[in-house]
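Novice: The following block contains a protein sequence and its predicted model.
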Amino acid sequence: MSSITTADGTDIFYKDWGARDAQPIVFHHGWPLSSDDWDAQMLFFLAKGFRVIAHDRRGHGRSSQTFTGNEMDTYAADVAALTDHLDLKGAIHVGHSTGGGEVARYVARAKPGRVSKAVLIGAVPPIMLKTPANPGGLPMEVFDGLRAALLANRAQFFLDLPSGPFYGFNRPGATISEGTIRNWWRQGMMGGAKAHYDCIKAFSETDFTEDLRRITVPTLVLHGDDDQIVPIADSALLSVKLLKHGTLKVYPGYPHGMATTHAEQINADILSFART
């Protein structure tokens, strides 16, 4: 099992598949999942000749169940440690949901030459929380509800979320995949409850506005207009305006977890972007 140990003693698990001289693509998962959430992308891009890398964020998956450091600055520092360890050059960083925030923070601060492009999928930037400066955001009560559900019965909560809004399985006529639901639950329950609890604050209250403004590499923003977890109006539609070289693609009717439910389409669009 491959892992690195960060300066504060945290073990970060990662997968690294493909030729070492191939174009690297680094995948950043959402809350409360793991690198396994990228299986459909890892196998696809590996077959296309890329080097594919994905890590379990601290407190998630097979990485250390951390008590501290469960916030965006440390998440980005962990990514920097991993990319330094692997000596990645010209990598494409792809982030979903919370992972999109992690990508924004990392890419905005990455060492010269480390990053060539970025992709944000159903991503949380610029900021999810409703504030005077962000009146279209979600009220604190929404995130307090997530915390309460996690504390009350994390195992049940981690069944309810993928069974309903995460993949759009609560929509009329949805094709429900029991395996997808169980895989989401499996990934979530591998992680630490403390880290998952802290991460709710990290993904909801972190303001990525200045990170987006600092990003100079081409950035593809992908979002479903039926995303019930990260509403498009206060995320992708605002993020693309802050990026220097941003391109937005909106998918009618697609849910938050569209990289799983519509992997074929999402993979094709990322591939096209990667090769341009």
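Specialist: Great, that's in hand.
Novice: only C-alpha atoms for contact and neighbour calcs from this point on.
Specialist: Will do.
Novice: what residues are up against the closest residue in space to residue 165 that isn't next to it in sequence?
Specialist: Closest residue in space to residue 165, ignoring its immediate chain neighbours: residue 228 at 5.8 Å, by CA to CA, 6 or more residues apart in numbering. Residue 228 makes contact with 165, 166, 168, 255, 256, according to CA atoms under 8 Å, 6 or more residues apart in numbering.
Novice: Can you pull up the most central residue in this protein?
Specialist: What sits nearest the mean C-alpha location of the chain, by CA atoms, centre = their mean, is residue 99, with 2.2 Å.
Novice: just checking, that residue touches residue 26?
Specialist: No: with contact defined as CA atoms under 8 Å, residue 99 does not reach residue 26; the gap is 10.8 Å.
Novice: neighbouring contacts of whatever helix or strand residue 241 lives in?
Specialist: Secondary structure assignment for residue 241, by DSSP states H and E: helix 236-242. Where contact means CA under 8 Å, 6+ apart, the residues beyond helix 236-242 that reach it are 122-123, 125-126, 209, 212-213, 221-223, 246-248.
Novice: any idea where the strands of this structure begin and end?
Specialist: 3-5, 11-17, 24-28, 51-55, 91-96, 115-121, 219-224, 246-251 (DSSP state E).
Novice: In a markdown table: those strands, plus mean neighbour count, distance to residue 184 and mean pLDDT.
Specialist: Shown next, in a markdown table, are the strands of the chain (neighbours: other CA atoms under 10 Å; distance: least, CA to CA, whole Å; pLDDT from 0 to 100):
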| stretch | mean neighbour count | distance to residue 184 | mean pLDDT |
| --- | --- | --- | --- |
| strand 3-5 | 16 | 22 | 98 |
| strand 11-17 | 20 | 18 | 98 |
| strand 24-28 | 26 | 15 | 99 |
| strand 51-55 | 24 | 16 | 98 |
| strand 91-96 | 26 | 14 | 99 |
| strand 115-121 | 25 | 17 | 99 |
| strand 219-224 | 25 | 19 | 99 |
| strand 246-251 | 16 | 22 | 98 |
